[in-house]
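S.K.: Show me how the following folds:
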Amino acid sequence: MHHPTPPRADASRDFDFLAGTWLTRQRRLKARLQGCDDWEAFTAVARVQPLPGGVANFDTLVAEDWRPGWVGMTMRVYNPVTGLWSIYWVTNEGGGIDPATGVLGAPVVGRFDGDEGLFEGEDLLDGRPVRVRFHWRRLGPAAAHWAQSFSADGGRSWEVNWEMAFERLDAEPEALDAWVPAAEIDCQVVELRRYRLHPGQREPLVALFDRAFIEPQEAQGMAVMGQFRDLDAPDRFVWLRGFADMASRAQGLAAFYDGPVWQRHRDAANATMAGSDDVLLLRPAWPGAGLAMRGRRRPAGAVRMALPGVVDLRVLPLHAPASAALLQCCREVVGPCLQRASAEVLGWYVTEAAPNNFPRLPVREGEPVLVGLAAFEDAAAREAFARGGSWEREVLPALAGWLARPAEQHRLVPTARSASRADPAQPCR
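M.R.: Numbers count the residues shown, from 1 in each chain. Purely as a prediction, here's the structure:
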C-alpha cells in the first residue's frame, strides 16, 4: 500500500521568504508552444503580503514599463492536511478567470523540497490542454527565481516561456491598499523636477519614492502633487512638488532634507540618479490655473486603484516672461484644442520670478517658460490627438511669436501612488 509522504511541520512557511517588495527582471516568450524564440524583456515590481490565518499569501505584480495599468495577482493557499500549496493566478484584464462561468482557473499544486519548489497543474492554451509547471528557487534572503513551463505531451517535454529573477527592495510586506488623502495645499509655488537615472534604476527609485518619501514630505507642509514614468525615456523620472509660498518652501525643504527619513534613504535614492538638477520653479499662470489638490487621494499601498491615463506635459521656452496676451491664448486657443480631444486640462504654470531660496537644490533660473499639463484617458487617446494634427494646425501658429525654441514634450504615466490621477479633482479654470 502506498502511504503519502506526511507534510513537513514547517511547510506552511515555505513562502515566508517572499514577503516584502521585489524588483523582478522578466523574460517572456511572445508565443508559446510554437517553436518561438522571440523573448520580450521588462522589469516589474512584486509585492507579497501574508494573509491572516497563516495558510495563505497574496501578491501583486506591476509592470508599468511593459503595460501601464496592468496588474497580475497570485493567491497561494496551503493545505495542512496534504502539505501542498495551491497557486492561483489572475490579472485585472480577466486572465485566470473563465469568462463563461466566472470560475477561477485550476491552480498549480506542489511543495518545496529544500530551496526548490515544483508546482504543476492543467490549463488550456488556445483551446488545447497543456500541463503547466511553476519552478521556484530560493536564493537566500534577497534573491529568488521563478520560471513557468508548458508541456503539450503530458509532461514528457517542457518549454520554459516566462522567467522572473527577484531582487529584494524591502524586507517588510506592505499593508493591503486603502485610500489616503493627499495634502490639500493651495500650491502657489511648484517645482517641476525631471531626473535622469542610471540605466535600469527607475523601478527601484519609484518603489523607494512611493514607499518612503510621500508622507514625510507632506508632513513638513509640502504637497507631492504627482510622480511619473516617462513613456519615451525609460531612464527618466518626473515629479511635481508644491508649496503654499516661497517661505514655506524654504522651511519645508530644510525640515525634510535635514530630517531622519532623507538621511536614512538618501544614499539609495542618489545612487539611482545620473542627474537631478533639471528643475523648474513655477507658479500658476493665473488664479485657479494650477493643479487643484483639494479632494485628491492616493492608495496607501503601491497597487494602482484605477487605470492611470497618460499625462501630456509640455514645457514651452519663451523669449520673455509670459504676457497677458499669451495667457489669454492659453485659455482661448490651447485649452479648447485639448478639451476637444477629450483631455482634462490639469494646470498651466509660468516661471516663478523669485530667486531660489533653498540653494542646496539647484533650479534653472532666468529661463522664462510656460508649462501645460493635460490628462488623456490612455495612450491611445493621446496618440489619436497627436495624429489628428490639431496642435500643429491650431496651437503652434498661435504660439509662434512667443516661443524661443520648440516645446519639450513628455508622455507621462503616473505611478500607482501619484495623486495626480488617483482620484481626479476639478480641472483648472
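
S.K.: Give the pairing partners of the host helix or strand of Tyr88; include direction for each.
M.R.: In this structure, Tyr88 sits in strand 84-91 according to DSSP states H and E. Within its sheet, strand 84-91 is paired with strand 71-79 (antiparallel), strand 108-113 (antiparallel), according to DSSP bridges.

S.K.: quick one: it to chain centroid distance?
M.R.: Centroid separation for strand 84-91 versus its chain: 24 Å, with CA atoms, centre = their mean, to the nearest Å.

S.K.: Mind listing residues that contact it?
M.R.: 7, 14-15, 70-79, 95-97, 104-105, 107-111, 117, 119, 134 (CB atoms under 8 Å, 6 or more residues apart in numbering). The way it works is simple: take the backbone N, C-alpha and C, and place the C-beta from them, glycine included.

S.K.: For the strands paired with strand 84-91, give me a markdown table that also has mean neighbour count, mean pLDDT and distance to Ala404.
M.R.: Formatted as a markdown table, the strands paired with strand 84-91 follow (neighbours: other CB atoms under 10 Å; pLDDT from 0 to 100; distance: least, CB to CB, whole Å):
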| stretch | mean neighbour count | mean pLDDT | distance to Ala404 |
| --- | --- | --- | --- |
| strand 71-79 | 18 | 95 | 42 |
| strand 108-113 | 18 | 96 | 60 |
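
S.K.: Skip the chain neighbours and tell me the closest residue to Asp210.
M.R.: Using CB to CB, 6 or more residues apart in numbering and skipping residues adjacent in sequence, the residue nearest Asp210 is Arg417, 4.1 Å away.

S.K.: sorry, that was for Asp170
M.R.: Per CB to CB, 6+ apart, closest to Asp170 is Thr21, 4.1 Å.

S.K.: Could I get the buried residue list for the strand holding Tyr88?
M.R.: 84-90 (16 or more other CB atoms under 10 Å).

S.K.: Closest one of these to Leu403?
M.R.: Val90 (48.8 Å; CB to CB).

S.K.: elements contacting the host helix or strand of Arg249?
M.R.: Following DSSP H and E, one finds Arg249 within helix 246-257. Judged by 3 or more CB pairs under 8 Å, 6 or more residues apart in numbering; DSSP states H and E, helix 246-257 is in contact with helix 214-218.

S.K.: Tell me where the stretch 301-429 of the chain has strands.
M.R.: Assigned by DSSP state E, counting those that start in this stretch, the strands in the stretch 301-429 of the chain fall at 310-317, 344-351, 369-376, 408-414.

S.K.: Those into JSON lines, with extra columns for mean pLDDT?
M.R.: Shown next, in JSON lines, are the strands of the stretch 301-429 of the chain (pLDDT from 0 to 100):
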{"stretch": "strand 310-317", "mean pLDDT": "96"}
{"stretch": "strand 344-351", "mean pLDDT": "96"}
{"stretch": "strand 369-376", "mean pLDDT": "96"}
{"stretch": "strand 408-414", "mean pLDDT": "95"}
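
S.K.: Arg387: which of these is closest?
M.R.: strand 369-376 (12.7 Å).

S.K.: Show me what the closest one is in contact with.
M.R.: By CB under 8 Å, 6+ apart, the list of residues contacting strand 369-376 reads 192, 280, 282, 285, 291, 309-318, 322, 326, 330, 334, 338, 341-351, 382, 385, 402, 420-421, 424.

S.K.: ok, of those residues, which come out buried?
M.R.: In the contacts of strand 369-376, the ones that pass as buried (16+ other CB under 10 Å) are 192, 280, 282, 285, 291, 309-316, 318, 322, 326, 330, 334, 338, 341, 343-351, 382, 385, 402, 420-421, 424.

S.K.: coming back round to it: so which of the strands of the stretch 301-429 of the chain is nearest Ala268?
M.R.: strand 408-414 (22.3 Å).
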